[in-house]
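In: Any chance you can model this:
(one chain, ligands or ions: 3)
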Amino acid sequence: MANVTVIGAQWGDEGKGKIVDWLASRADAVVRFQGGHNAGHTLVVGDQVYKLSLLPSGIVTGTLSIIGNGVVLDPWALKSEVAKLESQGVSITPENFALADNCALILPLHRDLDGLRETAAGSGKIGTTGRGIGPAYEDKVGRRAIRVCDLSHLDKMDPQLDRLCAHHDALRAGFGEPPVDRAALVAELKEIADFVLQFAQPVWKRLKKVRKAGARILFEGAQGVLLDVDHGTYPFVTSSNTVSGTAASGSGLGPNSTGFVLGIVKAYTTRVGSGPFPTELDDEAGQRLGERGHEFGTVTGRQRRCGWFDAVLVRQSCAISGVTGIALTKVDVLDGFDKVKICTGYRLRGKIMDYFPAHSADQAEVEPIYEEMDGWHETTAGARSWADLPANAIKYIQRVQELIETPVALVSTSPQREDTILVRDPFLD
Ligand code: GDP
Ligand code: IMO
Ligand code: MG
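Out: Ligands and ions are numbered 1, 2, ... in the order given. A predicted model of the protein is given here:
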């Protein structure tokens, strides 16, 4: 099993970017397979900070980086991200970056609709990133999407545009908005087409070749299992499947290619946007986690909600995604607490639950049952070996892996690439 699939096991922002970047030097290709530029993956290398939303995190190490068919692609967001990274000295060429020609596009009309719906929903809003992700996936499933390959046949696009505009014009009218400016849309697509097409290719074929040559593939998930459209806290989820299985369908390789499933798990819990969050803290401890962890969204700058580690949720995510081992990140953020808590179960109307129920009313009502452990006052920040960790931090990590029934493969102790403890090499498993 030479391949590794990285997925978030909570509500996103677990530190996937840092771990993918760390693993990328051991990989021959890094592949994004779902989501879009709603993702925000932060990589820190020395005094350079890279913030990636669409490009696979392997691009910074120069590893072949691929956007698979499962991603919804905003061509203008891609162009500005490429320009931003190039200004940071990262080279992005058709040699080291490929884009699936069958990716569905995110268009300005999708962003409009995302915003219109959120505004209309008022306090019932999902709290999306406003990037048009949901509407773009809807159009893909509704068979009216414009795809990357369509950019090379702009003169043949009329029937598709008819279908797309008929759908959106009706929706827009409902919001009191003017119809889609079709001529402007075509002109914008014409302008961006060459930029996108230089990277476009049948990615499944490229990956087949890479795989045949015995190369190591690293699949980079976005968001997290609790934001999965099936398994997450529906309807407060994103619009794609974020579980490990999507690595296969979203890249064009079979399920036997996804290899070691590495679940990225934050040592506490955060969430950005609306939705249930059983262990959320609105006290000093929550504030402290937010401040020490710099919990502000990479994409929207929104403050992330913070809470104690929820072992029930992570155990469920690991089971659903077939996680082989986890990378436990941001352990250093827990430094200095006298006591730390872990949620080990829920109470729902007097009944004890060992899993997170599917109904949103039940999800909102469950009360966490906590186990309290002694914290540690020594610093773990920057630790690179198990021996550098204080005894109570080790006890905490061991208790986490026991409760989630999944072993720890890596521990991360700072945003820096090298501040990582390797317990079990996912590529050698
Ligand atoms: P992603 O979406 O899963 O890639 O995570 P984000 O990049 O959105 O958020 C994780 C944040 O935590 C980023 O600012 C990282 O630089 C930072 N980070 C990652 N690992 C660690 C860690 O072990 N310790 C600390 N203190 N910060 C970390
Ligand atoms: P990374 O890859 C955290 C959340 C949004 C919102 C919900 C739906 O950085 O972990 P969407 O725009 O996808 O329709 O929003 O999903 N969300 C994320 N939260 N990290 C992310 O990505 C997220 N991508 C989407 O905040 O609650
Ligand atoms: Mg993020």
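In: tell me which residues of stretch 155-171 are tucked away?
Out: 157, 160-161, 164-165, 167-169, 171 (16 or more other C-beta atoms under 10 Å). Glycine gets a C-beta too; all of them are placed from N, C-alpha and C.
In: Look at the residue in the chain sticking out farthest from the centre and give its secondary structure.
Out: Seen from the C-alpha centroid of the chain, the residue lying at the greatest distance (C-alpha atoms, centre = their mean) is residue 155, 35.3 Å away. Of the three states, residue 155 takes helix under DSSP: H, G, I helix; E, B strand; the rest coil.
In: pLDDT score assigned to it?
Out: In this model, residue 155 is scored at 93, pLDDT.
In: Find the residue at the geometric middle of this structure.
Out: Mean-position check on the chain, C-alpha atoms, centre = their mean. Result residue 222 at 1.9 Å.
In: Just confirm that one is within a helix.
Out: No. Secondary structure assignment places residue 222 outside any helix; it is coil (three-state DSSP).
In: For residue 65, see how far away it is.
Out: 14 Å (C-beta to C-beta, to the nearest Å).
In: any chance you could map the strands in the stretch 251-400 of the chain?
Out: 260-266, 269-271, 305-307, 309-310, 325-329, 339-348, 351-353, 367-374 (DSSP state E, counting those that start in this stretch).
In: so what does the third one touch, helix or strand wise?
Out: In this case it means strand 305-307. Secondary-structure packing of strand 305-307 (3 or more C-beta pairs under 8 Å, 6 or more residues apart in numbering; DSSP states H and E): strand 269-271, helix 284-292.
In: about what we covered before: please report how far the residue farthest from the centre of the chain lies from residue 163.
Out: Taking C-beta to C-beta as the criterion, residue 155 is separated from residue 163 by 17 Å.
In: sorry, back to before: for the residue nearest to the centre of the chain, report the pLDDT, please.
Out: As predicted, residue 222 sits at a pLDDT of 98.
In: Distance of it relative to ligand 2?
Out: According to C-beta to the nearest ligand atom, to the nearest Å, residue 222 stands 4 Å off from ligand 2.
In: Check residue 424 too.
Out: Counting by C-beta to the nearest ligand atom, the gap from residue 424 to ligand 2 is 23 Å.
In: With residue 104 instead?
Out: From residue 104 to ligand 2 the distance is 15 Å (C-beta to the nearest ligand atom).
In: got any ranges where the stretch 1-150 of the chain has weak pLDDT?
Out: 1 (pLDDT under 70).
In: Point out the residues in it that sit beside ligand 2.
Out: Contact residues (C-beta under 6 Å from any ligand atom) of the stretch 1-150 of the chain with ligand 2: 8, 11-13, 38-41, 126-129, 131, 133-134.
In: and of the residues you listed, the nearest to residue 328?
Out: residue 8 (12.8 Å; C-beta to C-beta).
In: Backbone dihedrals for the closest residue to ligand 3 within the stretch 301-429 of the chain, please?
Out: Among the residues of the stretch 301-429 of the chain, residue 304 lies nearest to ligand 3; the distance is 9.4 Å by C-beta to the ion. Backbone geometry at residue 304, expressed as degrees, to the nearest 10, gives phi -90, psi 140.
In: What pLDDT is listed against it?
Out: pLDDT at residue 304 comes out at 95.
In: Share the number of residues neighbouring residue 208, please.
Out: Neighbourhood size, residue 208 [other C-beta atoms under 10 Å]: 14.
In: what comes up buried for the helix or strand it falls within?
Out: In this assignment (DSSP states H and E), residue 208 forms part of helix 203-212. Within helix 203-212, the residues that qualify as buried are 203-204, 206-207, 210-211, counting by 16+ other C-beta under 10 Å.
In: Out of the strands of the stretch 251-400 of the chain, which is closest to residue 112?
Out: That would be strand 269-271 among the strands of the stretch 251-400 of the chain, by C-beta to C-beta, at 26.1 Å.
In: Could I get the contacting residues of the residue of the stretch 151-300 of the chain found nearest ligand 2?
Out: Closest to ligand 2 within the stretch 151-300 of the chain is residue 273: 2.2 Å, counting by C-beta to the nearest ligand atom. Residues near residue 273 by C-beta atoms under 8 Å, 6 or more residues apart in numbering: 126-129, 236, 302.
In: Kindly write the PyMOL command that selects the buried subset of these.
Out: Restricted to buried positions by 16+ other C-beta under 10 Å, the PyMOL selection for the contacts of residue 273 reads:
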select buried, resi 126+128+129+236
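In: could I get the contacts of residue 273 as a markdown table with distance to residue 151 and secondary structure?
Out: Converted to a markdown table, those look like this (distance: C-beta to C-beta, whole Å; DSSP: H, G, I helix; E, B strand; the rest coil):
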| residue | distance to residue 151 | secondary structure |
| --- | --- | --- |
| 126 | 30 | coil |
| 127 | 32 | coil |
| 128 | 26 | coil |
| 129 | 24 | coil |
| 236 | 34 | coil |
| 302 | 32 | coil |
